[in-house]
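S.K.: pasted the sequence and its predicted model underneath.
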Protein chains: 2
Amino acid sequence: MQDTGQLNLDWSAALIGGLADAGVREFVLSPGARSTPLTLAALRHPRLRCTVILDERAAAWFALGRVKADGAPVALVCTSGTAVANWLPAVVEANQAALPLVLLAADRPPELHGWGANQTIAQADLFAGQVRATHAPGAPFPGFAPDWLRQLAARAVADSRWPLPGPVQLNLAFREPLLPAAAHIAFPDAEPLACAAPTAQPDAAAVRVFAAALSTGRGAIVCGEGCAGDADPAEFARAVTELAARLACPILAEPLSGLRFGAHDRTQVCHRHDLWLRDETRAAALRPDWVLRFGAFPVTRMLQRFVAGAATLLVEPHGRWPDPLHRTQQLLRADPLAACRALFGGELVAADAGWLAAFAEAEAAAEGWLHARPQPPEAALFAGLCRALPAGTHFFCGNSLPIRDLAAYSGSGEKAIAFFANRGASGIDGNLATAAGLAASGPTVAVVGDLTAQHDLGSLALAAGRPLAVIVINNGGGGIFDLLPPAALPEFEAGWLTPQRLDFAHTAAAFGLAYRRCDDPAAAIDAAGAALAAGEPRLIEFVVDRAASLALRRAIPPGG
Amino acid sequence: MQDTGQLNLDWSAALIGGLADAGVREFVLSPGARSTPLTLAALRHPRLRCTVILDERAAAWFALGRVKADGAPVALVCTSGTAVANWLPAVVEANQAALPLVLLAADRPPELHGWGANQTIAQADLFAGQVRATHAPGAPFPGFAPDWLRQLAARAVADSRWPLPGPVQLNLAFREPLLPAAAHIAFPDAEPLACAAPTAQPDAAAVRVFAAALSTGRGAIVCGEGCAGDADPAEFARAVTELAARLACPILAEPLSGLRFGAHDRTQVCHRHDLWLRDETRAAALRPDWVLRFGAFPVTRMLQRFVAGAATLLVEPHGRWPDPLHRTQQLLRADPLAACRALFGGELVAADAGWLAAFAEAEAAAEGWLHARPQPPEAALFAGLCRALPAGTHFFCGNSLPIRDLAAYSGSGEKAIAFFANRGASGIDGNLATAAGLAASGPTVAVVGDLTAQHDLGSLALAAGRPLAVIVINNGGGGIFDLLPPAALPEFEAGWLTPQRLDFAHTAAAFGLAYRRCDDPAAAIDAAGAALAAGEPRLIEFVVDRAASLALRRAIPPGG
């Protein structure tokens, strides 16, 4: 008689072993019964690092943080039912941000589907439209070929990486008994399938046409998140700054571009444009003939407006169309590094010297203005953090107001700081869990608003034992709405600002985290630095007077 | 020139007004920008009650609690992006548990979809397979017919109620500006569409065949959650107990059946079967020839085994097939109340007197045994709460171990206690939010495990101002896994039990809730009673020694 429990383990060993052989090094597991064979195989695999997280929503956001930090695909395991559904927000983000995830959802076998059985839902297609692939190999059956499952695992990993990275779902049904009387797991020992992603080399003729467009008139390079594509970010930074030097044009770099900080030549890299673009006279004078864009569409309205004023030349390797302005005139399908190198190979005509000088003057003017006038307290927080943090720190920035303040105030420098945010769908959910995922591979500071912190409050449990300083900018609700039309409504506070009543000191104590409340930016920066130096977690509440900060924001003059 | 902001408001007024006219009385709103026209219309509608909840996942589970308490469909509003994705767990539950929800997801217009625009995801089909219907009427356009949107709203409400209640999604795109300079909303004044759901009357010939089967041999009625269908639960309770009297058969009633407590005749209602069915000799002696089932398939393994021993006669009104044993021999498609009444109308032959007496004897034996031997502390908690709670209290029970302990220990009584649990997919997610939704319509006690509480920790924010006593049974992790095969593994604690380190006293303080730690059941029951009497929220941590409780559970003898 067939031992169903042993069959479940053999099946899981083939799959989990196949994932490990294909390059998955990390599993994030949530507790549950139906996933028992998968969980045991992952825990017993000699080369896998497993993290157990109670809330599947947090588990998936944490996995995204791991992927952001390390690049390799991360696998998730959970039990059947709504557990799987809790993954969706991070699955959407992984889809949008092109991050590889392998989702192993335990399921009940077909004979229980649609018959009112416990914890049994239609889950095989739950992520349809959000995943690169879905496989439902059915329940384990006697005589199955382990090679099939090992190649299925390798294929899932490969599909999560190329041509467009993203999530892949394996829906895995198991029959009872889930375990044999004595649980013994043997991982198949076989050569893994070798499958490397190619590099997208640009079409030579397209490069010549592109180079000609770049050699006409005055232009600017705009770099957003993911601008390096799959290339090494430092190598891309050297290449794109060299391209800018050849064209004598500025690079307007968003914080998530990775170009504001690092050892590359930053002479032509602008980082104050969100300030000086408010000066309409200056913005008009610096209106480019073309914009060469790498990476995501800009975050801030100011830079969006700058881009809107010119024809867009876009380099995009993955088959996406990141231009909601529909202004792209030439689209070069290529790896960004390969594109830069191909452009060097041809003729390029530089802009006149006055063009670049005007941008340098704008940057200097904004810099001077920052020192001459009172700024909202967030300015000193972001500027000071970026100055104070040791090289190699992960800087996770919350969405909504923080990411925009980071864009305005990060500054620039030679040391390496890696900036991260969840900009795939730009939600305020899952931010703390993602930051905890980053902290699992190194010291991390996370700066988020109070609503963002509360939205993902349970994920503070993931800070324990990790070098994670969470700075909550507490301005009493959704401060970004102050800058939007609902601010004028009598229903503003109830429906949009939505101030909460959470006590962050007790919150920190609930999760066993050290806590510090700060009214001035320097204290918050010190507290974060001390936590990271000690390799410990800390919750830092940075209290901001929303009305005062808003008044200072509104006073940011156009003549910066 | 068309005022896009005013168009957005006119469009939203027609939809929101239409929902109100169709019977929606409650909206649960989450803050965001793109949903601004919908939020404003809901807040300004004179007959709608609006609750604002930050976390969309909690908002949707809260809405389910409102639906459970009041029956009427509840509408949800959120902004575009991952906000929508956070609804999924509760949408799955609403689908499985057949609860009406109307999901109003704000979206960005088509020209931004697929072009890398901020917070723009493929969300129109995000719930495909989980919803009764999806409508995406596109962005507001000049000259639209308000009657169309009012009927679309009425249709969404009707489809959320019949033929199978569940969630319906309206995906609603808006262009900027989202608001006009001066926000004025006029709700169309028109006769609402009248659309009442029919009652499923059973086929007369099928009733005769069914009655004949019930008149053969010895049988039992088994009632699970939702056994009353769309009928009034008290009226169904009278009808089904009368049917049992005519057949001289027992009713084995699960707590969620609504039959354990109430003014109906409880003479033939069993509520101790989860204890006496452990006695295999007794279980064999009480093995029925047929089981007549109303409502969901039983929760506990003991009752499942009882049902498995006989042919099933099933009454199900909604087109579902709630029988994972595949033992149904006759399926009567009918409203349960109508079915009972139709069965009265024909010939019915009662079982011999000894049959019913044997069940009464089993109940008495279990009762005596409960008093004679030490019980796990959870037994006294559940029994004592059910004794102590005032009539009319909502009793929300967490999944996993609590719902099984409730089944064993609730007792029975004449006063009305309404029991609730999320048994559609039986997840440990969203339990506190659902309980808060129940508390919005009346005093509610919620009993959940520590992992369940922590999974939905942020929803403690919803307790403020509501008569909600949350009793957290803290036994240091997932106690249910002690009863499952992984308990024998060396990896048990890391992968399944997963004890957490949350301090519940500080947690309560973080959310401004009064807190009480109790080591004995009586203190926890008193604290809950005091909170409800005061109409206030309270977090009560009931600390259980897991090992001691487990030893007592294992000692539950078969000869009960």
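M.R.: It's in.

S.K.: how confident was the prediction at the residue nearest the centre of chain A?
M.R.: In chain A, the centroid-proximal residue (CA atoms, centre = their mean) is residue A:422; its distance is 4.1 Å. What the model reports as pLDDT for residue A:422 is 98.

S.K.: what about it, which SS state?
M.R.: coil (DSSP: H, G, I helix; E, B strand; the rest coil).

S.K.: and it, what is it in contact with?
M.R.: A:61, A:64, A:93, A:97, A:399, A:430, A:431, A:434 (CB atoms under 8 Å, 6 or more residues apart in numbering or on different chains). C-beta here means a position set from N, CA and C on the backbone, and glycine is covered the same way.

S.K.: restricted to helices, list the residues you listed.
M.R.: Secondary structure defined by DSSP state H assigns A:61, A:64, A:93, A:97, A:431, A:434 of the contacts of residue A:422 to helices.

S.K.: which one of those is nearest to residue A:117?
M.R.: Among the ones in helices among the contacts of residue A:422, residue A:61 lies closest to residue A:117 (CB to CB), at 29.6 Å.

S.K.: and that closest one, how far from chain B?
M.R.: Using CB to the nearest CB, to the nearest Å, we find residue A:61 at a distance of 10 Å from chain B.

S.K.: looks like that residue contacts residue A:435 (just checking).
M.R.: No. The criterion here is CB atoms under 8 Å, and residue A:61 misses it with residue A:435 at 9.1 Å.

S.K.: so residue A:480 touches residue A:403, yeah?
M.R.: No. Residue A:480 is not in contact with residue A:403 according to CB under 8 Å; the separation is 9.9 Å.

S.K.: neighbour-wise, which of these two wins?
M.R.: Between residue A:480 and residue A:403, counted using other CB atoms under 10 Å in any protein chain shown, the more crowded position is residue A:403 (24 against 21).

S.K.: which bits of the stretch 351-500 of chain A sit near chain B?
M.R.: Proximity of the stretch 351-500 of chain A to chain B, by CB under 8 Å from any CB of the partner chain, involves residues A:425-427, A:429-430, A:451, A:454-458, A:461, A:464, A:478, A:480-481, A:484-486, A:489, A:491, A:494-498, A:500.

S.K.: spit out the contact partners of residue A:466.
M.R.: The contact partners of residue A:466, by CB under 8 Å, 6+ apart, come to A:436, A:439, A:440, A:444, A:537.

S.K.: sorry, slip of the keys, the one I care about is residue A:345.
M.R.: Neighbour list for residue A:345: residue A:207 [criterion: CB under 8 Å, 6+ apart].

S.K.: what's the answer for the one 5 residues further on, then?
M.R.: Listed by CB under 8 Å, 6+ apart, the contact partners of residue A:350 are A:246, A:247, A:248, A:249.

S.K.: with residue A:54 instead?
M.R.: Here residue A:54 is in contact with A:30, A:31, A:458, A:461, B:451, B:454, B:455, B:498, B:500 (CB under 8 Å, 6+ apart).

S.K.: please redo it, this time with the cut-off set to 10 Å
M.R.: Applying CB atoms under 10 Å, 6 or more residues apart in numbering or on different chains to residue A:54 gives the contacts A:30-31, A:458, A:461-462, B:428-429, B:451-452, B:454-455, B:457, B:477-478, B:498, B:500, B:502.

S.K.: can you list the buried residues in stretch A:534-545?
M.R.: A:536, A:537, A:538, A:539, A:540, A:541, A:542, A:543, A:544 (16 or more other CB atoms under 10 Å in any protein chain shown).

S.K.: just to revisit the earlier point, pull out the buried members of the residues of the stretch 351-500 of chain A next to chain B.
M.R.: A:425-427, A:429-430, A:451, A:454-458, A:461, A:478, A:480-481, A:484-486, A:489, A:491, A:494-498, A:500.
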